[in-house]
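K.L.:
here is my input, please return the structure:
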Amino acid sequence: MKVAVVILSWNNREFLKEFLPGVVASSKAAQVVVADNGSTDGTVEYLKEEFPEVKVLAFDKNYGFTGGYNKAIALLEEYEYVLLLNSDIETPAGWLEPLTAFMEANPDCGICAPKLHALQDKDRFEYAGAAGGFIDRYGFPFCRGRVLKWTEQDNGQFGDSPADVFWATGACILVRTSLWKTLGGLDSRFFAHMEEIDFCWRAKLAGWRVCVVPESVVYHLGGGTLRPDSPGKLKLNYRNNLLMLRNNLSKTFALSYRNAGLPAAKAAAKGRRKAGRRIFSRMILDGVSAAIFLLTGRASSFKAVVKAHNEYRELVKTPSAQEIENWLNSGAIPTISGIYNGCIPAAALIWGKKTFGKLQPKIK
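P.N.:
Alright, predicted model coming up:
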């Protein structure tokens, strides 16, 4: 079994100084790789001088999270597994082995991740992934241990056994290289943010499980690239959420109709129409949030949502009914689970459901 731990870096020299020694020390069974996205802070020179055991892939410019990892993993096909790891994560001893052991023992699992705790408060789940992710009917993501901005203490409320989830955090995610290649890697249109949710959704549609292995825990600093309130991050999240829905909703709805007994052609057509209506509803919700931003004096956030929708219209690719029908007829039909039948912002902000446990009964 060959494993590559791949860290993507762009002007992250200081993070690498702080966290890379621990990654190297705790990943003896793997090849540690740093893929550098055209850094100008001396990252490549520093790595070659201080970490000769680390494989360095130096790219000519910043290809983003999606493009950078796609380029890197295309050069690492000899490894059976690739683990994508943020540069601001602390990895304790023994963190990697439970992940690889689980994948070896479960050949139907294509993606797994550890629990993600906050580096500043090591008993608290961290925003970016907590104990595994889910989405609501409109595509808003949330996690076991994190709903909107609210995170929980890890008191063992989700148990110690591996669990199936809808998505796993891109901050630390182990993927079968064969699956990565089959799916074509991350969607390069995303650049950064929500690309891992899209990737996991596509993997589930291809019949693979996505799991969290709680025996492994890593600690995430978070916010190292864009501030949480950055208009650029806000734009990427709104835009990429729509792209994610367009990539996957039609097939997901078509599956439910096909599993209910409809012929593939009818299931594909109905799924595509329903996806269009759901995405339109999501865009209305985005409009409401944009109006709130404007009325509360957050003009830059308002502009970010408008720009997100404009870019979405430029980038979107809508699968045809024929493509969906052909896909339905191409092999075994999976069942997609892990979607909350409601609206997370409304549930949390209006009804006070700010913990996963209060949402769980409506997850199908």
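
K.L.:
could you check how far the residue most central in space within the chain is from G159?
P.N.:
In the chain, the centroid-proximal residue (C-alpha atoms, centre = their mean) is E196; its distance is 2.4 Å. Distance of E196 to G159, given as C-beta to C-beta, to the nearest Å: 23 Å. Where C-beta positions appear, they are placed from N, C-alpha and C, glycine not excepted.

K.L.:
that's a helix at F293, yeah?
P.N.:
Yes - residue state for F293 (DSSP: H, G, I helix; E, B strand; the rest coil) corresponds to a helix.

K.L.:
coming back round to it: can you count the residues close to the nearest residue to the residue nearest to the centre of the chain once chain neighbours are set aside?
P.N.:
Closest residue to E196 apart from its sequence neighbours, by C-beta to C-beta, 6 or more residues apart in numbering: G170 at 3.3 Å. G170: 25 surrounding residues under other C-beta atoms under 10 Å.

K.L.:
same question, F140
P.N.:
Per other C-beta under 10 Å, the neighbour tally for F140 reads 21.

K.L.:
which ones are touching it?
P.N.:
For F140, the contact set (C-beta atoms under 8 Å, 6 or more residues apart in numbering) comprises N241, C343, I344, P345.

K.L.:
again with Y138
P.N.:
Applying C-beta under 8 Å, 6+ apart, the residues near Y138 are R278, S281, R282, L285, C343, I344.

K.L.:
ok, now S216?
P.N.:
Shown in contact with S216 (C-beta under 8 Å, 6+ apart): G94, W95, L96, E97, P98, L99, P114, K115.

K.L.:
SS state for it?
P.N.:
S216 falls in the strand class when you classify it by three-state DSSP.

K.L.:
ok, the residue lying closest to it once chain neighbours are set aside to L245 distance?
P.N.:
Nearest non-adjacent residue to S216, counting by C-beta to C-beta, 6+ apart: P114, 3.5 Å away. P114 sits at a distance of 27 Å from L245 (criterion: C-beta to C-beta).

K.L.:
which of the two has more neighbours?
P.N.:
Neighbours were tallied for P114 and for L245 using other C-beta under 10 Å; the higher tally belongs to P114 (29 against 23).
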